[in-house]
Each structure stands twice: as C-alpha cells, then as structure tokens.
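# got a sequence here, can you build the structure:
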Amino acid sequence: MSDLSVSASPPGLPLMRQRWSQLLFAHWPMPPELLRPYLPARLELDLFEGQAWLGVVPFTMSSIRPLGLPAIPGLNRLHELNVRTYARLNGVPGVWFLSLDATQPLGVWAARTLFHLPYLHASISLTETAGTLRAVARRTHRGAAPATFAATWTPGAPLATARPGSLAHFLTERYCLYTAGPDLMPGVGSGNLWRGRLLHEPWKLREATLTEWESTLVESHGLPTPTGAPLLYAADALDVWVQELRHI
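This is a model prediction of the structure:
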C-alpha cells in the first residue's frame, strides 16, 4: 500500500505539528475530463472505478507549531476550507488542491511562499452549538475569483475504519499532497512538481446530516455546480505531522 500513516517512518524532515478538528468531507463524482485540465501534465488524475471525485472540506486547524518550538499565540489556529481532487504519480496517491481558503494571513503567506500551495485569504467562522457545526466563509483574497460558503451539519454515528479498496478510504486516507511551483500553472507544462507527506492515525469517520449548503467555491474555479447530494463523512479530531516538501 502506497499510503503512509503515523506508524510509518517516511524519509524527510518533520516540519510542523497540527491538530485538525470540526472536519467535514463533502464529495461529488465528476467526469474525469472536467478535472483533468486542473492538474499538471505529469500528474495522473486518480479515479475510483473510472470516476473522478471533487471534494469540499471545511475544518479547524489548531495547535500549529514547528516541531521543537512552542506554539505562537495568535498564529497557532485558523479555519480552512479547501477544494480538492485526487492525483497520483508513480503509483503514489495524493491530494491536489484547487484552492485552500484560510483565515490566518501569515499562514496564507507562508503556505503560498514556502509550500507553493494555492492558499487564499478568507473570512471564515466555524462554530459548534449542541453538537451541530456551522461554517460560513467569504473569500477576500485580492485578485482571486470571489466565493462564498455556508454549511450546517451534525456528526452522527461512528463508522467502521475505512478499508483499503473502499470509496471512503480512497477519499479520506490520503497521506501525500502534490503541488507545483509558482511558475507552473495547473494544466501547463510538466516540471517543478513537489510532494509533501502527512502522518496521522487513520480517520475516525462518522455519519453526517447536512441541513444547509450554499456555496460558490466550486463555481469560482470555472467548474459546473455539482449535482445531487454530496457524499458526507464527518471526522473526529486528530493530530497531524507535516513533512517537508520534496521536489519530484
């Protein structure tokens, strides 16, 4: 199995520790030909039984700190909202992000500058009331396509650990991310690719009930509005270790 979990010891320098919580995976199937242009030429669009998938994932990132250093008050927590699909290179599966909206200006700058990730400034609130979560966001990044988001969901009963080969495993158990340098736009060229690795325990997934969903995130990328109800998984909080990016 190519995926890496916290029990593995991949090569590379551990850079950062984070805690992810209040997370919702929302996914829709999409024709591969719609998503293929958003990936660099070298990356293979990862398919499940011939079908591509597009995800929207809101969550809270907290306890952010470089390994060996204390967390910096005011800079150790943010809300994030990412739009993603899935890719692989040389058999290694990973995530390809179309956008990552986030609330921490310094974090957005660092992720764009050091990790070449398409982070965007946004105003995001993510609150919990009596077990129900609500996320509201508005993109504020200068020059970026405008986007808004509002969703309310309630995590439900725990699900069995996703098994390799299942759709839940394909969509959630991803221990690599792919990104491209600033001189390479999605769908253009074939060089300057990077792979980052994440280590964490397998997700503890739950059922989720959605009572609100209003979003223009997907449309902001020029993609059609997803049709039908999304496939939902809520997730319990977990700790994540971020490895260095490596040029590939």
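# what strands line up against the longest strand seen in the chain, and which way round?
When every strand of the chain is counted residue by residue (DSSP state E), the longest turns out to be strand 52-66. Each strand that pairs with strand 52-66, with its direction, by DSSP bridges: strand 14-21 (antiparallel), strand 23-30 (antiparallel), strand 78-89 (antiparallel).
# export the ones you listed as a markdown table, with columns for mean neighbour count.
Heads up, the C-betas are built off the backbone N, CA and C, glycines and all. Converted to a markdown table, these look like this (neighbours: other CB atoms under 10 Å):
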| stretch | mean neighbour count |
| --- | --- |
| strand 14-21 | 17 |
| strand 23-30 | 21 |
| strand 78-89 | 22 |
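# follow-up on the earlier one: now the longest strand of the chain: average pLDDT?
For strand 52-66, the per-residue pLDDT values average out at 92.
# and stretch 135-144, end to end?
Terminal residues of stretch 135-144 lie 21 Å apart, using CA to CA, to the nearest Å.
# tell me which residues of it are tucked away?
Within stretch 135-144, the residues that qualify as buried by neighbour count (16 or more other CB atoms under 10 Å) are 135-137, 139-141.
# ok, stretch 146-157 next?
Buried positions in stretch 146-157, judged by neighbour count with 16+ other CB under 10 Å: 147, 149, 151-155.
# Arg65: which of those is nearest?
Using CB to CB, Pro155 is the member of the buried residues of stretch 146-157 that sits closest to Arg65, with 26.6 Å.
# name the nearest residue to that closest one, ignoring sequence neighbours.
Of all residues beyond its chain neighbours, the one nearest Pro155 is Ala234 (3.6 Å), with distances taken as CB to CB, 6 or more residues apart in numbering.
# all set, thanks.
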